[in-house]
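Engineer: Let's see this in three dimensions:
(one chain, ligands or ions: 1)
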Amino acid sequence: EKFFKKLPKVELHAHINGSISEDTMATLVARKQAVDQDWRLMYRKGESDTLEGVFKMFKLIHQITDNTDAVYKVTYDVIHEFAADNVKYLELRTTPRAEPGTGMTKTAYVEAVIQAIQDCALEDIDIIVRLILAIDRRHSVSVAMETVNLAAEYRKKTEGLVVGVDFSGDPSVGDGSDFIPVFEEARRHGLKLALHLAEVPAPDETWKLLQLPPDRIGHGTCLQPEVGGTQQLVDFVTAKRIPLELCLTSNIVGRTVPDYDNHHFLFWYDRRHPCIVCTDDKGVFSTTLSNEYSVAADTFNLSRDQVWQLSLDSIDHLFSDDEVKRKLRHKERKLTRSTG
Ligand code: 5GP
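Structural biologist: Numbering: from 1, shown residues only. Down below sits the predicted model:
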């Protein structure tokens with residue numbers, strides 16, 4: 001297991017509020033008296049839940065991260081935890097949130113996250129961090145447009161720390177294609193698109209959103225005909241080589257996939273399609289990126305060389321410029337040589 005931890009890694013699909021470790025949760029809960037003391041039980045993820053249960057968990061977490069101090073601390077801790085797991089490049093994503101109860105505005109939320117990222121960059125930890133702002137599909141198109149504007153504004157102010165826009169939230173709610181103009185606007189601002197697609201069977205919505213096309217797909221669980229997708233979806237994603245962000249444990253716990261053996265990783269990996277191993281919500285699902293690589297290797301019989309290559313190839317799909325990619329590739333190759 002040492003091998004997976006030592007492996008230099010790239011994490012491209014991590015929701016900030018889902019990545020909170022149990023330690024950070026405990027600290028934040030202790031600061032608040034009013035929180036349901038059963039949170040630890042709920043946080044004992046790992047056990048099977050449903051996607052519905054997972055979204056209940058986010059509701060609880062959001063009660064705890066309802067102020068800028070908490071948002072800063074969570075972001076700061078999450079970055080340090082990924083760095084300790086030997087993640088060399090991290091794209092965090094989060095939904096800007098206003099909390100009238102504490103006076104936190106969306107702007108203040110985004111600034112707290114950015115401040116934490118910038119502070120970490122001053123420290124002696126070996127990790128590059130970028131930010132993606134998330135659009136929650138449960139909210140309106142105008143709220144989504146606000147998020148795009150925030151992303152564009154802070155992309156400028158931070159000289160590129162904000163790299164893109166995500167589309168997430170409960171996939172059983174609403175029609176994602178309503179948001180197409182929002183994503184087109186994001187693109188005009190030079191923002192990349194990482195969209196949760198086909199997490200549950202939704203071939204019409206998926207087809208429409210694919211026409212954008214997105215720069216990366218989150219999950220893509222139900223693209224294949226056998227699981228509620230269509231051959232047309234598979235062919236399109238294949239032809240465009242749109243990378244898939246694959247989160248094994250998340251899909252098993254959220255029960256959108258029955259078990260590891262049946263995870264769609266294999267389908268796409270066998271076709272040499274770009275597959276990126278990610279955690280999704282390392283806190284809620286009690287995992288690490290090392291663990292996700294280890295599970296993928298065990299389940300699908302990947303050799304160490306194949307695991308190295310998988311990690312190296314994910315660099316191709318990150319949302320930063322070529323300079324960052326070159327740097328990371330160089331670092332990884334040097335390590336390959338030194339570790340044999
Ligand atoms: P936050 O954006 O508050 O930092 O992270 C939590 C949010 O991420 C959730 O409220 C939800 O919108 C989104 N999220 C986290 N995990 C998943 C997932 O597996 N699927 C989808 N569709 N959204 C998720």
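Engineer: List the residues that contact residue 185.
Structural biologist: Applying Cβ atoms under 8 Å, 6 or more residues apart in numbering to residue 185 gives the contacts 145, 148. Where you see a C-beta, it was placed from the backbone N, CA and C, and this is true even at glycine.
Engineer: Count the neighbours of the residue nearest to residue 196 when sequence neighbours are not counted for me.
Structural biologist: The shortest distance from residue 196 to any non-neighbouring residue, by Cβ to Cβ, 6 or more residues apart in numbering, is to residue 218 (3.9 Å). If you count neighbours by other Cβ atoms under 10 Å, residue 218 ends up with 26.
Engineer: The one 10 residues further on too?
Structural biologist: If you count neighbours by other Cβ under 10 Å, residue 228 ends up with 16.
Engineer: I'd say it and residue 203 touch.
Structural biologist: Yes. Judged on Cβ atoms under 8 Å, residue 228 makes contact with residue 203 at a distance of 7.1 Å.
Engineer: who touches both of those two?
Structural biologist: The contact lists of residue 228 and residue 203 share residue 222, where a contact means Cβ under 8 Å, 6+ apart.
Engineer: quick one: contacts of stretch 204-212?
Structural biologist: With Cβ under 8 Å, 6+ apart, stretch 204-212 has contacts from 167, 175-177, 180, 183-184, 187, 193, 195, 197-198, 222-223, 229-230, 232-233, 236-237, 240, 242.
Engineer: ok so residue 199 is a strand residue?
Structural biologist: No. Counting by DSSP: H, G, I helix; E, B strand; the rest coil, residue 199 is not found in a strand; it is coil.
Engineer: Spatially nearest residue to it (excluding sequence neighbours)?
Structural biologist: residue 171 (4.3 Å).
Engineer: contacting residues around that neighbour?
Structural biologist: Contacts of residue 171 (Cβ under 8 Å, 6+ apart): 51, 137, 196, 199, 200, 202.
Engineer: ok, now how distant is it from the ligand?
Structural biologist: 5 Å (Cβ to the nearest ligand atom, to the nearest Å).
Engineer: ok, now residue 277?
Structural biologist: To the ligand, residue 277 is 15 Å away according to Cβ to the nearest ligand atom.
Engineer: What about the closest residue in space to that residue that isn't next to it in sequence, how many residues nearby?
Structural biologist: In this structure, residue 277 finds its nearest non-sequential neighbour in residue 292, 5.1 Å apart by Cβ to Cβ, 6+ apart. Each residue near residue 292 was counted by other Cβ under 10 Å, and the total is 24.
Engineer: Same check on residue 287?
Structural biologist: For residue 287, the count of nearby residues is 23 (other Cβ under 10 Å).
Engineer: Using the three-state scheme, assign it.
Structural biologist: coil.
Engineer: give the contact list for it.
Structural biologist: Applying Cβ under 8 Å, 6+ apart, we find residue 287 in contact with 249, 250, 279.
Engineer: repeat that for 6 Å
Structural biologist: Shown in contact with residue 287 (Cβ atoms under 6 Å, 6 or more residues apart in numbering): 249, 279.
Engineer: returning to what we had before: from residue 9, how far off is the residue nearest to residue 199?
Structural biologist: 27 Å (Cβ to Cβ, to the nearest Å).
Engineer: Let me know the helix or strand that the residue nearest to residue 196 is in.
Structural biologist: Assigning secondary structure by DSSP states H and E places residue 218 in strand 216-219.
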